[in-house]
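[1] structure here, sequence nowhere to be found:
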């Protein structure tokens, strides 16, 4: 992985770090569960290779937004997604879409690390096998690469058959990221990936996410405004109005934090500087 | 891979249907076999007729019904306090090592087949009772053996129920100066009573449905018991004894008695579940 | 003062009950060992019964017992696991289908074993024409094992954390793959428990087998042969064979030993399977 790491100054300079190519286009997306609307008419574009942060208080539908993008909403009975969402040329909301293949392209990291109750190796091999990679040596190579990419290789190389659940919280979350990376997706959806980790582990994962910039498109939900400011190229501010989540403002990270156009945005991010 | 899930859901649903079908099949076939005797006279035959003389078309079940109820409830009466006391012993009185051993013993005993209980009852218990008052093979023997059989069930489920009582509650009771007896009777038992009652219901269902052990020790004379030492025949044993040679109406009568017994057990279980549910909400 | 006295009486009552239970069971187990112990020998296990079972051995009976058990498990395990998986993974609590299946299982659990014998006789032996056979007996036992096996397996599956299901879905794994590689192995302790309970019940069963697998004490040559199970053998020896008590006691010891052994094997197998595939730290 030869990605340059970015210092604080360069991150804030926004789009010069990545070309504004549209990777995911969302138009008037609404999500409802059992008739109750949780997210109403969200439109935004996710740019390729950039880190986009979704910020805002709990309950504004940020997680639902993520779940709609990789069709994880299909798992929830009574969930309805309307509007338009396109991933490149693919219509994400098409009922006949091959969601298994989609989820290979769009990976997801959850708030609480959820490695499978298997060995470290099996955690990574299982999704690969399910997607058709059977050749022993190829599997081993991909496993090693993924662990290397998340910085776990040196730590676990001689105990690959040890239980994944024996790893520390930070290591588990990095393993989950490796598990997603091993399928070579182009998009990573992260739902508060650091919030369940202690500060040191959180910093390690955050640094990893930084390294992903450029090679992957990252959409990250976070409550940690400082983290958003550190990491993101673009920020989307969600807010609850009349018990329904809405997108209030979306733009380059620097603009959202320093000169927000909306008063609500200004009030929310003031918590950061005030 | 994409296709695997398409057939998985229907396959599982179909197999689940097959499982549900088993009960329907049972009810269906029982009804079918019992039909000949039910068309002539219906269910009242089983109550009105004087006695069980199947070869003469008389299917009075009452004596055997009383025997079944007497044996089961007698056993329950005997096993419940002792089983409960054993559970209290394991949970509150026994030192750690003994508690574990005792629990294992109870598990072992719960696994002993009913024929083995019957065998022991027949060769040991019945002669002892005969010594006291012949013929020995009697309602009393049935009650004692059944009690022995359902005791582990009651004890084990009560242990689970008592173990589920939060220690905070017990500590609270102790800190109020309650004696151990007071804590058990006043706090632990009431809190665990749902699980305990559940265990008792389980035991009752087992007692009512028990065939072999009772068959081997109860004497199998069709008569309404008037004393503990009378030989009796319970519904289950009746079926087991006569199925081998029953034909026609007789066979139908046996199937009908099987249905009645099942109905009895299921109704009791349903009532017990409801009663337990009500005490939870009430 | 009164408090202390009643407390002590209570303690005495509890201890007495515990000791009474212990005594009764020592008496029972002791009698079994005393009366049947000396009848045991290797030839008892390996030779056929002679003189209506008073002498000789129980080899064909052991084989019949194991065959009946095998048939019962072969039928009950796939059906039970599929039903448990359907209930746990594909239905919500209030669903009508799930309620119907659950209710039928609850009722099934309460049906007396002799009634299963009646059903087995009417359905498997007569209607399906299997006659008195190991197949009939095994299938009847499968019906008896299903409720408890499904109940424990379903609980085991339901207890598996949802986050693994979501994680598997997010990785594009099919539900079938998740079930096979993750969920069923994770639930295997509960499944094994249900299995052991079912096996215990099946091995001890007599009433359901008398009219389905029959009384024949010869070595069975196929599944459609009639075969006498160990429990039925004990019944026959004690009730219908004068002087058969000693052999009955010895058979009882073997039966109890068999149940203990099967439980131990199931326990060991499930633990081995666990450590090989699922590792929770």
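    Right, received. Where do you want to start? Source: prediction; values computed, not measured.
[2] give the contact list for residue C:243.
    Neighbour list for residue C:243: residue C:54 [criterion: Cβ atoms under 8 Å, 6 or more residues apart in numbering or on different chains]. Backbone N, C-alpha and C define where each C-beta goes, glycine included.
[3] okay, it and residue C:56: tell me how far apart.
    According to Cβ to Cβ, to the nearest Å, residue C:243 and residue C:56 sit 13 Å apart.
[4] and residue 86, what element?
    In the absence of a named chain, this looks at chain A. Assigned by DSSP states H and E, residue A:86 belongs to strand A:79-87.
[5] I was thinking of chain C, sorry if that wasn't clear
    Here residue C:86, judged by DSSP H and E, is contained in helix C:59-90.
[6] how about that helix and chain B, any contact?
    Yes - Helix C:59-90 reaches chain B (Cβ under 8 Å from any Cβ of the partner chain) through C:78, C:79, C:80, C:82, C:83, C:85, C:86, C:87, C:89, C:90.
[7] most neighbours among those, please name it.
    residue C:80 (28 neighbours; other Cβ atoms under 10 Å in any protein chain shown).
[8] what sits against that residue?
    Counting by Cβ under 8 Å, 6+ apart, residue C:80 touches B:19, C:145, C:146, C:149, C:150, C:153, C:194.
[9] gap between whichever residue of the stretch 151-282 of chain B sits closest to chain C and chain A?
    Per Cβ to the nearest Cβ, residue B:209 is where the stretch 151-282 of chain B lies closest to chain C, at 3.0 Å. For residue B:209, the distance to chain A (Cβ to the nearest Cβ, to the nearest Å) stands at 39 Å.
[10] pLDDT value on the residue of the stretch 151-281 of chain C found nearest chain B, please?
    Residue nearest to chain B within the stretch 151-281 of chain C: residue C:204 (3.3 Å; Cβ to the nearest Cβ). Model confidence at residue C:204, given as pLDDT, is 89.
[11] one more: residue A:4?
    Reported pLDDT at residue A:4 in the predicted model: 41.
[12] quick revisit: can you name the element that comes right after the helix holding residue C:86?
    Next helix or strand after helix C:59-90 toward the C-terminus (DSSP H and E): helix C:96-110.
[13] other SSEs contacting that following helix?
    When contacts are defined as 3 or more Cβ pairs under 8 Å, 6 or more residues apart in numbering or on different chains; DSSP states H and E, helix C:96-110 sits against helix B:4-39, helix B:248-281, helix C:59-90, helix C:134-158.
[14] which residue sits closest to residue A:177, ignoring its sequence neighbours?
    residue A:150 (5.2 Å; Cβ to Cβ, 6 or more residues apart in numbering or on different chains).
[15] does that neighbour touch residue A:173 like I think?
    No - contact criterion Cβ atoms under 8 Å: residue A:150 and residue A:173 do not qualify, at 9.2 Å.
[16] would you mind telling me which of these two has the busier surroundings?
    In this view residue A:150 and residue A:173 are compared by other Cβ under 10 Å, and residue A:173 has more residues nearby, 29 against 25.
[17] elements contacting whichever strand or helix holds that one?
    Per DSSP H and E: residue A:173 is located in helix A:169-181. For helix A:169-181, the packing partners by 3+ Cβ pairs under 8 Å, 6+ apart come out as strand A:106-109, helix A:120-130, helix A:136-149, strand A:187-191, helix A:199-212.
[18] that one: which residues count as buried?
    Residues of helix A:169-181 classed as buried by neighbour count (16 or more other Cβ atoms under 10 Å in any protein chain shown): A:170, A:171, A:172, A:173, A:174, A:175, A:176, A:177, A:178, A:179, A:180, A:181.
[19] gap between the second one and residue B:166?
    From residue A:171 across to residue B:166, the span is 35 Å (Cβ to Cβ).
[20] so, low pLDDT: which residues of the chain?
    I'll assume chain A. Across chain A, residues meeting the criterion (pLDDT under 70) sit at A:1-19, A:272-274.
[21] could you do chain C instead?
    Residues of chain C meeting the criterion pLDDT under 70: C:1-2, C:92-94, C:270, C:273-281.
[22] among the helices and strands packed on helix C:96-110, which is the most enclosed?
    Highest mean neighbour count of the helices and strands packed on helix C:96-110: helix C:134-158, a mean of 25 (counted as mean count of other Cβ atoms under 10 Å in any protein chain shown).
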